[in-house]
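Enquirer: model the following, please.
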Amino acid sequence: MIIGFIKSFDPNLNSLLFPNYISSLIGGIFGYLIIWLIIFAYKKIKNKEGMGLGDAKLLAAIGFWFGWTSIPFVLLFSSVIALLSALPSLIKKTKNLSSQIPFGPYIVLGITIHIILRHII
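Expert: Modelled structure (predicted):
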(Lines give C-alpha, C1' and ligand atoms only; values in the text may rest on other atoms or scores of the structure.)
Protein backbone atom coordinates (compact mmCIF):
# COMPACT_ATOMS: atom_id res chain seq x y z
CA MET A 1 0.00 0.00 0.00
CA ILE A 2 2.80 2.37 0.89
CA ILE A 3 4.59 1.82 -2.40
CA GLY A 4 1.32 2.35 -4.27
CA PHE A 5 0.88 5.72 -2.58
CA ILE A 6 4.52 6.79 -2.95
CA LYS A 7 4.56 6.03 -6.68
CA SER A 8 1.71 8.50 -7.17
CA PHE A 9 4.14 11.37 -6.54
CA ASP A 10 6.22 10.44 -9.62
CA PRO A 11 5.20 12.75 -12.49
CA ASN A 12 6.85 10.49 -15.11
CA LEU A 13 4.37 7.63 -14.67
CA ASN A 14 1.55 7.00 -17.12
CA SER A 15 -1.27 9.19 -15.78
CA LEU A 16 -3.93 7.06 -17.50
CA LEU A 17 -2.99 3.97 -15.48
CA PHE A 18 -1.52 5.47 -12.30
CA PRO A 19 -3.31 8.38 -10.62
CA ASN A 20 -1.94 11.44 -8.85
CA TYR A 21 -1.46 11.36 -5.08
CA ILE A 22 -4.90 12.79 -4.24
CA SER A 23 -6.77 10.20 -6.30
CA SER A 24 -4.46 7.54 -4.91
CA LEU A 25 -5.16 8.55 -1.31
CA ILE A 26 -8.91 8.73 -1.90
CA GLY A 27 -8.77 5.32 -3.64
CA GLY A 28 -6.97 3.68 -0.74
CA ILE A 29 -9.39 5.04 1.82
CA PHE A 30 -12.46 4.36 -0.34
CA GLY A 31 -11.29 0.82 -1.17
CA TYR A 32 -10.83 -0.04 2.50
CA LEU A 33 -14.01 1.64 3.71
CA ILE A 34 -16.36 0.11 1.15
CA ILE A 35 -15.42 -3.44 2.18
CA TRP A 36 -15.28 -2.49 5.86
CA LEU A 37 -18.82 -1.11 5.65
CA ILE A 38 -20.03 -4.33 4.02
CA ILE A 39 -18.36 -6.37 6.75
CA PHE A 40 -19.79 -4.10 9.48
CA ALA A 41 -23.34 -4.17 8.08
CA TYR A 42 -23.30 -7.95 7.63
CA LYS A 43 -22.03 -8.46 11.16
CA LYS A 44 -24.75 -6.20 12.58
CA ILE A 45 -27.50 -7.92 10.59
CA LYS A 46 -26.42 -11.57 10.88
CA ASN A 47 -24.33 -11.48 14.11
CA LYS A 48 -21.48 -13.40 12.45
CA GLU A 49 -18.40 -12.70 10.37
CA GLY A 50 -19.06 -12.58 6.64
CA MET A 51 -15.67 -11.46 5.29
CA GLY A 52 -12.18 -10.91 6.51
CA LEU A 53 -10.27 -7.66 6.52
CA GLY A 54 -7.80 -9.09 4.02
CA ASP A 55 -10.25 -8.23 1.25
CA ALA A 56 -10.45 -4.65 2.54
CA LYS A 57 -6.66 -4.36 2.61
CA LEU A 58 -6.39 -5.77 -0.91
CA LEU A 59 -8.96 -3.32 -2.24
CA ALA A 60 -7.21 -0.48 -0.40
CA ALA A 61 -3.93 -1.44 -2.07
CA ILE A 62 -5.68 -1.45 -5.45
CA GLY A 63 -7.10 1.99 -4.65
CA PHE A 64 -3.63 3.31 -3.78
CA TRP A 65 -2.16 1.89 -6.97
CA PHE A 66 -4.90 2.65 -9.48
CA GLY A 67 -7.00 5.40 -7.88
CA TRP A 68 -10.55 5.66 -6.65
CA THR A 69 -12.06 5.37 -10.13
CA SER A 70 -10.91 1.74 -10.38
CA ILE A 71 -12.74 0.61 -7.22
CA PRO A 72 -16.33 0.43 -8.61
CA PHE A 73 -15.20 -1.44 -11.71
CA VAL A 74 -13.09 -3.89 -9.71
CA LEU A 75 -15.98 -4.56 -7.32
CA LEU A 76 -18.40 -5.06 -10.22
CA PHE A 77 -16.08 -7.36 -12.19
CA SER A 78 -14.99 -9.39 -9.17
CA SER A 79 -18.56 -9.81 -7.89
CA VAL A 80 -19.86 -10.95 -11.28
CA ILE A 81 -16.98 -13.39 -11.75
CA ALA A 82 -17.44 -14.77 -8.21
CA LEU A 83 -21.17 -15.20 -8.80
CA LEU A 84 -20.67 -16.92 -12.15
CA SER A 85 -18.11 -19.30 -10.68
CA ALA A 86 -20.25 -20.15 -7.62
CA LEU A 87 -23.53 -20.50 -9.49
CA PRO A 88 -22.90 -24.00 -10.92
CA SER A 89 -22.03 -25.32 -7.46
CA LEU A 90 -25.18 -23.79 -6.03
CA ILE A 91 -27.32 -25.26 -8.80
CA LYS A 92 -25.79 -28.74 -8.34
CA LYS A 93 -26.27 -28.34 -4.58
CA THR A 94 -22.60 -29.16 -3.85
CA LYS A 95 -22.48 -25.82 -2.01
CA ASN A 96 -25.15 -23.86 -0.20
CA LEU A 97 -25.60 -20.14 0.41
CA SER A 98 -23.68 -20.30 3.69
CA SER A 99 -20.57 -21.85 2.10
CA GLN A 100 -17.42 -19.79 2.37
CA ILE A 101 -15.92 -18.59 -0.89
CA PRO A 102 -12.64 -16.64 -0.83
CA PHE A 103 -13.18 -13.26 -2.51
CA GLY A 104 -9.53 -12.17 -2.82
CA PRO A 105 -8.79 -14.12 -6.01
CA TYR A 106 -11.84 -12.58 -7.65
CA ILE A 107 -10.67 -9.09 -6.66
CA VAL A 108 -7.34 -9.85 -8.35
CA LEU A 109 -9.19 -11.03 -11.48
CA GLY A 110 -11.30 -7.88 -11.35
CA ILE A 111 -8.29 -5.55 -11.32
CA THR A 112 -6.66 -7.59 -14.09
CA ILE A 113 -9.74 -7.15 -16.28
CA HIS A 114 -9.83 -3.46 -15.40
CA ILE A 115 -6.21 -2.99 -16.44
CA ILE A 116 -6.76 -4.84 -19.72
CA LEU A 117 -10.00 -2.99 -20.54
CA ARG A 118 -9.12 0.43 -19.11
CA HIS A 119 -9.06 2.05 -22.56
CA ILE A 120 -12.59 0.83 -23.33
CA ILE A 121 -13.95 1.74 -19.90
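
Enquirer: which ones are touching the residue positioned nearest the centre of the chain?
Expert: Closest to where the C-alpha atoms of the chain average out (CA atoms, centre = their mean) is residue 59, at 3.9 Å. Each residue near residue 59 by CB atoms under 8 Å, 6 or more residues apart in numbering is listed here: 31-32, 34-35, 71, 74-75, 107. For glycine as for every other residue, the C-beta is placed from the backbone atoms N, C-alpha and C.

Enquirer: helices of the protein, start to end?
Expert: Remark: helices assigned in the chain by DSSP state H are 2-6, 21-46, 53-66, 70-91, 104-116.

Enquirer: if we can go back for a sec, quick one: which of the contacts of residue 59 has the most company?
Expert: Note: the member of the contacts of residue 59 with the most neighbours is residue 31, at 30 neighbours, neighbours being other CB atoms under 10 Å.

Enquirer: for residue 88, state which of the contacts of residue 59 is nearest.
Expert: Using CB to CB, residue 107 comes nearest to residue 88 of the contacts of residue 59, at 20.7 Å.

Enquirer: surely residue 27 is in contact with residue 72?
Expert: No - using CB atoms under 8 Å, residue 27 is not in contact with residue 72, being 10.7 Å away.

Enquirer: quick one: which of these two has more around it?
Expert: Legend: neighbour count by other CB under 10 Å for residue 27 and residue 72, higher for residue 27 (27 against 12).

Enquirer: nearest spatial neighbour of that one, skipping sequence neighbours?
Expert: Excluding the flanking residues, the one nearest residue 27 by CB to CB, 6 or more residues apart in numbering is residue 63, at 3.0 Å.
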